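Novice: sequence and predicted model, in that order:
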Amino acid sequence: MVWLNLEAPRHRPVTRLAGTANALEVAAQPDSSHVVVAVGAPFAGGGPRGADLLNLDVASGETSPLLERADPSESLDSPAWWPDRGTLLFERQDLSGQPVGAPGQEVPRYLSRIERVMSDGSARGVVLDEGRQPSASVDGTRLVFARTRNTGASLLIWSQSDGSVQTLVPEGRFADVAYPQFSPLGDKIAFVAPQSGLNGSTEKPLLALDALFGPTIAYAHGIPWDPWVINADGNGLHRVAQTAGDEPSVAWSPDATQLFVYSGVGSFVVDATSGEVTPLTFVQGYGPVVWLAQT
């Protein structure tokens, strides 16, 4: 895991992980006081590769266990803080079965549920029996999450007050959806979706140069993805920009005016209103990022 200062872009490693372990996903309190990293590694004593949740000391780069896998069939991913600062949401994947294969889906999705745990690693419990990649609203009243079934991928909101679930983006609108994020104001939700799908596709035309020289970098790596935004009430769905990222994630700036799209073929800073794109081709990778205010 690295820091990136957008005012003077330069990577600075902040983790020290042993052996074959690697940082997959990160969650941080707005003031950076508590950072949690999902770290992938083989299960202790033998078993498939999965993730545990570790505390990260940003100053030293040292990690300590927060919540470790109970058995080799699970993986603990997609950490996200609840606004109470004491509760951590995460996705519990079931590695014992086959990945769910939705129509047009490019990224394998294991059956998963959304759980929570206290910041000291205690009181683990289930929030939703089915779902992935949770993000809480700033007031702590709602939770947006993605869900994948054999019939398709969807985006939904769970209400803490009554446990009801509302569909924001139904199955069939996109071939897949990923990394939904509530805006800092709580009124909008950003997410990423591929440019091919059943009813939400924006197909790339075959240009003469493509025929002569082959696909672009994004197509060579897979189906391109773009950032989308929808109002928290389910209205106003629109694509913010065509970034053609490779399996990207998206994060809001602290003032909600920009989006950071992190991708395997380069990253992008996108104006959330105009859609103006600033490429950062030297910043490449996979998994979610956290955009923190400079202190």
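Specialist: Everything's here; your move. Please read all numbers here as calculations on a predicted model, not as lab measurements.
Novice: quick one: low-confidence residue ranges for the stretch 1-150 of the chain.
Specialist: 1-16, 18 (pLDDT under 70).
Novice: which stretches in it count as strands?
Specialist: Ranges of strands in the stretch 1-150 of the chain, per DSSP state E, counting those that start in this stretch, are 2-4, 11-13, 22-28, 35-42, 49-56, 63-67, 74-81, 87-94, 112-118, 125-128, 132-136, 142-149.
Novice: and the fourth one, what does it pack onto?
Specialist: If I follow you right, that is strand 35-42. strand 22-28, strand 49-56, strand 63-67, strand 74-81 (3 or more Cβ pairs under 8 Å, 6 or more residues apart in numbering; DSSP states H and E). Bear in mind the C-beta positions are built from the backbone N, C-alpha and C, glycine included.
Novice: pick the most buried one from these.
Specialist: Across the helices and strands packed on strand 35-42, averaging neighbours per residue (mean count of other Cβ atoms under 10 Å) puts strand 74-81 on top, at a mean of 24.
Novice: ok, Pro42 to Asp271 distance?
Specialist: According to Cβ to Cβ, to the nearest Å, Pro42 stands 42 Å off from Asp271.
Novice: same check on Ser96?
Specialist: Counting by Cβ to Cβ - Ser96 and Asp271 are separated by 44 Å.
Novice: the more surrounded of the two?
Specialist: Asp271 (15 against 12; other Cβ atoms under 10 Å).
Novice: report the beta-bridge partners for that one.
Specialist: Gln258 (DSSP bridges).
Novice: so who does Ser161 touch?
Specialist: Thr141 (Cβ atoms under 8 Å, 6 or more residues apart in numbering).
Novice: surely it is within a helix?
Specialist: No. Counting by DSSP: H, G, I helix; E, B strand; the rest coil, Ser161 is not part of a helix but coil.
Novice: just to revisit the earlier point, Leu111: which of the helices and strands packed on strand 35-42 is closest?
Specialist: Taking Cβ to Cβ, strand 74-81 is the member of the helices and strands packed on strand 35-42 nearest to Leu111, at 10.7 Å.
Novice: that closest one packs against which elements?
Specialist: Against strand 74-81 (3+ Cβ pairs under 8 Å, 6+ apart) you get strand 22-28, strand 35-42, strand 49-56, strand 87-94, strand 132-136.
Novice: what lies in contact with the third one?
Specialist: Right, strand 49-56. 1, 14-15, 24-26, 34-43, 62-69, 72, 74-77, 79, 88, 90, 93, 95, 117.
Novice: who does it pair up with?
Specialist: strand 35-42 (antiparallel), strand 63-67 (antiparallel).
Novice: ok, now the fourth one?
Specialist: Based on DSSP bridges, the strands next to strand 87-94 in the sheet, each with its direction, are strand 74-81 (antiparallel), strand 112-118 (antiparallel).
Novice: chain center to the shortest one, what's the gap?
Specialist: Looking back up the chat, that one is strand 112-118. With Cα atoms, centre = their mean, to the nearest Å as the basis, strand 112-118 stands 15 Å off its chain's centre.
Novice: ditto for the longest one
Specialist: Between the mean C-alpha location of strand 74-81 and the chain-wide mean there is a distance of 10 Å, by Cα atoms, centre = their mean.
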